[in-house]
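**Q** Quick one, what's the 3D model for this:
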Amino acid sequence: MARYEAVIGLEVHAQLGTESKIFCSCSTRFGDEPNSNVCPVCSGMPGVLPVLNEKVVEYAVKMGLAVDCRINGKSVFARKNYFYPDLPKGYQISQFEEPLCEHGRVVVEMEGGTKSFGITRIHMEEDAGKSIHSPAENVSYVDLNRTGVPLIEIVSEPDMRSPEDAVAYLKELRSILVYLGVCDGNMEEGSFRCDANVSIRPLGQEELGTRAELKNMNSFRHVQKALEYEIARQIDLLEDGEAVVQETRLYDADKGVTQPMRGKEEAHDYRYFPDPDLVPLVLDPAWVDKWRGELPELPGPRRGRFESRYGLPAYDAGVLTAEREVADYFEAAVAEYGEPKKISNWIMTDLLRQLSQTGLGASECAFGPKSLAGLVRMVDEGAISQKIAKDVFLELFETGGDPEAYVREKGLTQISDTSALEAAVDRVLSENPKEVEAFRAGKKKLMAFFVGQVMRKTKGQANPAVVNELLARRLG
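**A** Numbers count the residues shown, from 1 in each chain. Sure thing, here's the model as predicted:
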């Protein structure tokens, strides 16, 4: 790779979180019975006319504003013509020469510093249906529920030079969409999907190489692996004196390879022309100003505020602000108990692990920010040990409840009374004479062993500081 440079551009399709489709009133609900959310408009019956969903325009403009795009006062819908079984009209309504948003940028914090990636355009379009193939039955089915679901396509400049750049850009883009509340960012359900255009060229060369388009990447990890494989594949071809072919390739996650799908289409292959059933969209500047005023604090500024206001390291701030719900949870907990770093540690380890395992969002968690703040306070005040706190958290995560009341009810209060702990310390030392002898001979690391044994005998309720003090006194 040292002799070559990768050039990567991404096309992201984000499904907008409206209740109805872009040009009709059919539901956009995911997982409904196949072909149950279909009408004459989205199924392409003759003589029907599309009516634009105003909420789609609002969501698309808000995304454009969030990434510093120019919002065009006039944009035009176009027909993108191609023939697939899941495209009932034989064309897709999109935008081509006059899109809604242009010339934006996404700023990403990376290990080596800040990087800025350009956005060429953001335009509105309708989704196609879904083909379902059944090898066992040797038949294919078509589900048109997704046909007409509103999308925005976000096209980046070819500014990325590594798979790491691409993944960082995607994560920031997804985070912005979710913060805005315009897309749920679910890659598994297809509401946030990505195609990548990748080529390589010798270092120092300005001219772009022949590009391949990669599809079928439904996770950040798949994007990373697909790009790594494709870059290596193209380098091998050039090193062997062969040419890279312009084509569309599918990523096979099981094999970790990209495979040819079809020749890469160009814009002229789609025979774009303005849709005769839709007039140009002309935006009132007052609407744009109103929507601009409704933008929330976005991930980048919030990261900076978490660092400056709460004194958090950049890493903590990045983790906490990646999801809006998690950032809100953190701030609510800190408002209850002003120890930002301690709250951050609990969220980044215990809370995020449990949310991942249960598939819950932070706002769905029964153990709310006030409960977490109370738990951290109890540890700081010496009422319970860290170990007991972890157990209480796991017990109350799904059911919720007041941790202080739970500790009181279960008798889990930390034992700090010296006289109550002396017996446990003496018993541990008498049961482990060889370890005592080894400690006194110089193996000071055995102190952790003795503390652990005392904690076990007291079921985790002993105050570790008091235990250490008693052991040090007994062991000399």
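**Q** the strands in the stretch 101-250 of the chain, which residues?
**A** With strands called from DSSP state E, counting those that start in this stretch, the stretch 101-250 of the chain shows them at 101-110, 113-126, 130-134, 139-143, 150-156, 192-202, 212-217, 247-252.
**Q** Specify the beta-bridge partners of residue 130.
**A** residue 143 (DSSP bridges).
**Q** What residue spans form the domains of this protein?
**A** Following automatic domain parsing, one gets these domains for the chain: 4-290, 297-410, 418-475.
**Q** so where is the stretch 251-400 of the chain shaky, pLDDT-wise?
**A** 263-267 (pLDDT under 70).
**Q** can you check the stretch 1-150 of the chain too?
**A** 1-2.
**Q** ok, which stretches of it are helices?
**A** 54-66 (DSSP state H, counting those that start in this stretch).
**Q** Throw the strands of the stretch 101-250 of the chain into a markdown table and include mean neighbour count and distance to residue 433, thanks.
**A** Just so you know, the C-beta spots here come from the backbone N, C-alpha and C atoms, and that holds for glycine as well. Putting those into a markdown table (neighbours: other Cβ atoms under 10 Å; distance: least, Cβ to Cβ, whole Å) gives the following:
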| stretch | mean neighbour count | distance to residue 433 |
| --- | --- | --- |
| strand 101-110 | 18 | 56 |
| strand 113-126 | 19 | 58 |
| strand 130-134 | 12 | 70 |
| strand 139-143 | 14 | 73 |
| strand 150-156 | 24 | 68 |
| strand 192-202 | 21 | 62 |
| strand 212-217 | 20 | 61 |
| strand 247-252 | 18 | 62 |
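**Q** Could you dump those strands into CSV and include distance to residue 312?
**A** As requested, the strands of the stretch 101-250 of the chain are exported to CSV (distance: least, Cβ to Cβ, whole Å):
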stretch, distance to residue 312
strand 101-110, 13
strand 113-126, 18
strand 130-134, 43
strand 139-143, 45
strand 150-156, 29
strand 192-202, 27
strand 212-217, 32
strand 247-252, 36
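**Q** Which among those strands is found nearest to residue 262?
**A** strand 247-252 (5.2 Å; Cβ to Cβ).
**Q** and the angle for that closest one with strand 212-217?
**A** Between strand 247-252 and strand 212-217, the angle comes out at 30 degrees (axes from the mean of the first three to the mean of the last three Cα atoms, to 10 degrees).
**Q** hmm, who's touching strand 247-252?
**A** Outside strand 247-252, the residues within contact range by Cβ atoms under 8 Å, 6 or more residues apart in numbering are 212-217, 222, 225-226, 229-230, 257-265.
**Q** same deal with stretch 319-337?
**A** Under Cβ under 8 Å, 6+ apart, the answer for stretch 319-337 is 171, 175, 178-179, 296, 299, 302-303, 306, 310, 312, 340, 343-344, 347-348, 351-352, 361-363, 365, 368-370, 372-374, 376-377.
**Q** The same query, at a cut-off of 7 Å, please.
**A** With Cβ atoms under 7 Å, 6 or more residues apart in numbering as the test, stretch 319-337 has contacts from 175, 178-179, 299, 302-303, 306, 310, 340, 343-344, 347-348, 361-363, 369-370, 372-373, 376-377.
**Q** Just the ones of these in helices?
**A** Of the contacts of stretch 319-337, the ones assigned to helices by DSSP state H are 175, 178-179, 299, 302-303, 306, 310, 340, 343-344, 369-370, 372-373, 376-377.
**Q** What is the top helix by length along the chain packed up against?
**A** Using DSSP H, we find that the single longest helix of the chain is helix 220-239. If you count contacts as 3 or more Cβ pairs under 7 Å, 6 or more residues apart in numbering; DSSP states H and E, helix 220-239 packs onto strand 4-15, helix 163-180, strand 192-202, strand 212-217, strand 257-263.
**Q** Please name whichever of the ones you listed is nearest to residue 473.
**A** Closest among these, once you apply Cβ to Cβ, is helix 163-180, at 52.4 Å.
**Q** what comes up buried for the closest one?
**A** Across helix 163-180, burial judged by 16 or more other Cβ atoms under 10 Å covers 163, 165-180.
**Q** One more: stretch 62-74?
**A** 62, 63, 64, 65, 66, 67, 69, 71, 72.
**Q** if I pick the fourth one, what's in contact with it?
**A** If a contact means Cβ under 7 Å, 6+ apart, then residue 65 has 71, 291, 292, 295 as its contacts.
**Q** In ChimeraX, select just the buried ones from the contacts of strand 247-252.
**A** Of the contacts of strand 247-252, the buried ones go into a single ChimeraX selection, burial set by 16+ other Cβ under 10 Å:
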select :212,213,214,215,216,217,222,225,226,229,230,258,264
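**Q** Would you agree residue 60 is in contact with residue 99?
**A** No. The criterion here is Cβ atoms under 7 Å, and residue 60 misses it with residue 99 at 9.6 Å.
**Q** what's the overlap in contacts for the two?
**A** With Cβ under 7 Å, 6+ apart as the test, residue 60 and residue 99 both reach residue 122.
**Q** more crowded one of those two?
**A** Counted by other Cβ atoms under 10 Å, residue 60 and residue 99 do not tie: residue 60 has more neighbours, with 31 against 24.
**Q** List the contacts of the more buried one.
**A** By Cβ under 7 Å, 6+ apart, the contact set of residue 60 is 100, 122, 124, 152.
**Q** Residue 85 too?
**A** Contacts for residue 85 (Cβ under 7 Å, 6+ apart) come out as 131, 142.
**Q** how much space between it and residue 10?
**A** Residue 85 is 27 Å from residue 10, where distance means Cβ to Cβ, to the nearest Å.
**Q** Quick one: classify the closest residue to residue 365 other than its chain neighbours as helix, strand or coil.
**A** Spatial nearest neighbour of residue 365, excluding adjacent residues (Cβ to Cβ, 6 or more residues apart in numbering): residue 355 at 6.6 Å. Under DSSP: H, G, I helix; E, B strand; the rest coil, the three-state class of residue 355 is helix.
**Q** I'd say residue 355 and residue 362 touch.
**A** Yes. Using Cβ under 7 Å, residue 355 is in contact with residue 362, at 6.4 Å.
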